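Visitor: how would this look folded up:
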Amino acid sequence: CFMKNQMNRNRHCLIDHVNRSTTPHLWHVNLSSYFVAALVKCTHRDAPKFAEGLLMDMEELHRIHPDQLHPEGAVYASVISAFCAQRKDVDAERLLHVLMDKFRSRHVSNGLSAKLCNQVLNAIAFGSPGTGTPANPRITGGNQPSSSMLSKSQRGQNIIDCMDELNAKGNYHWIKPDVVSYTSLIQCYCNDGKVKQGEYLIRQMFEMYHVRYLNRCPDPRTFNVVFNAMAKQSQKEKDTPQRVLALLTKMEDMIAEDPHTELSVIPYNSAINALGKFGMVFDAEDIVHH
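Guide: Residues are numbered from 1 along each chain as shown. So this is what the prediction gives:
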């Protein structure tokens, strides 16, 4: 049906069938999950929007059959992942906030995880402005921020704050931000040109590792994000070379304390690149020898 561009018509046929059905729960269990799963795996650019349309239909049917047809959190998660895969970060972010609100109100009990939030954070960090669509009023609930009015770092920080809140209030440890979450947030800050804030977050991550809030210290990929941003800064700051060298030393000290993290050549290359952009050839050469 989808390849023949008839997906939307067939979706409405299913809804009409459910409205006349005496066993709507069978539709929910046997059709909706498979339908969404098939859609989100499809490579067509409109597949996530069709999946979101089905999700909205499920919400409407829930109002008709409140005991039988409540969409599960896993259905939301599938659609969010599909939006992330297509770099539609605004759409993914909007649905993630809806899912978080449903989790707070205990309307859903699954689907939300740190991994899903990290997918959205990564999509925001590397997405382009205006890559989403306006919020659909048929999706109810959610403190849906206007993404077009916020910077990448503000949007990323909102998600991290919500993850912290859910973990603190409900002890949902599987939603707690991890090293990947904060690395994506640092990428958001660096893409906004707030490199010093990214450096500050790395130090905060190390403090969180010491108090066991994070189970690992910042890894080489985290440092690499900041070194790359330093090299790409359009506004050259005089203290950047000193900050590069200080952060490099800090990286070695941090990783030495974490037996599960190994040094990598990649952040060294990025640090050398940053120093070279500022003409600090001898310092860059010292790193090569080091």
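
Visitor: contacts, neighbours, all on C-alpha from now
Guide: Noted.

Visitor: lowest-confidence helix or strand of the chain?
Guide: helix 24-27 (a mean of 48; mean pLDDT, DSSP states H and E).

Visitor: now do residue 287, the pLDDT please.
Guide: On pLDDT, residue 287 comes in at 90.

Visitor: residue 276 versus that one, what's the distance?
Guide: Using Cα to Cα, to the nearest Å, residue 287 is found at 11 Å from residue 276.

Visitor: can you check residue 207 too?
Guide: 31 Å.

Visitor: likewise for residue 193?
Guide: From residue 193 to residue 276 the distance is 20 Å (Cα to Cα).

Visitor: ditto for residue 160
Guide: Taking Cα to Cα, one finds residue 160 at 34 Å from residue 276.

Visitor: then residue 115?
Guide: Applying Cα to Cα to residue 115 and residue 276 gives a distance of 36 Å.

Visitor: and if you look at residue 188?
Guide: 24 Å.

Visitor: who's more crowded, the two?
Guide: The neighbour comparison of residue 188 against residue 276 (other Cα atoms under 10 Å) goes to residue 188, with 29 against 17.

Visitor: which element is that one on?
Guide: Secondary structure assignment for residue 188, by DSSP states H and E: helix 179-191.

Visitor: how about low-confidence regions in this structure?
Guide: Applying pLDDT under 70 to the chain flags residues 1-44, 67-69, 128-148, 234-235.

Visitor: same thing but 50
Guide: 1-6, 24-26, 29-30, 130-140, 142 (pLDDT under 50).

Visitor: sec struct for residue 228, please.
Guide: Here residue 228 is recorded as helix under DSSP: H, G, I helix; E, B strand; the rest coil.

Visitor: tally of neighbours for it?
Guide: 20.

Visitor: can you check residue 94 too?
Guide: 24.

Visitor: ok, which stretches of the stretch 151-290 of the chain are helices?
Guide: 152-170, 179-191, 195-210, 220-232, 240-257, 265-277, 281-289 (DSSP state H, counting those that start in this stretch).

Visitor: need phi/psi at the nearest residue to residue 260 once chain neighbours are set aside.
Guide: Residue nearest to residue 260 in three dimensions, not counting chain neighbours: residue 216, with 7.5 Å by Cα to Cα, 6 or more residues apart in numbering. Per-residue torsions, residue 216: phi -140, psi 150 (degrees, to the nearest 10).

Visitor: what's near enough to touch residue 216?
Guide: 179, 209, 258, 260, 261 (Cα atoms under 8 Å, 6 or more residues apart in numbering).

Visitor: just give the nearest non-adjacent residue to the first one, would you?
Guide: The shortest distance from residue 179 to any residue other than its chain neighbours is 6.3 Å, reached at residue 218 (Cα to Cα, 6+ apart).
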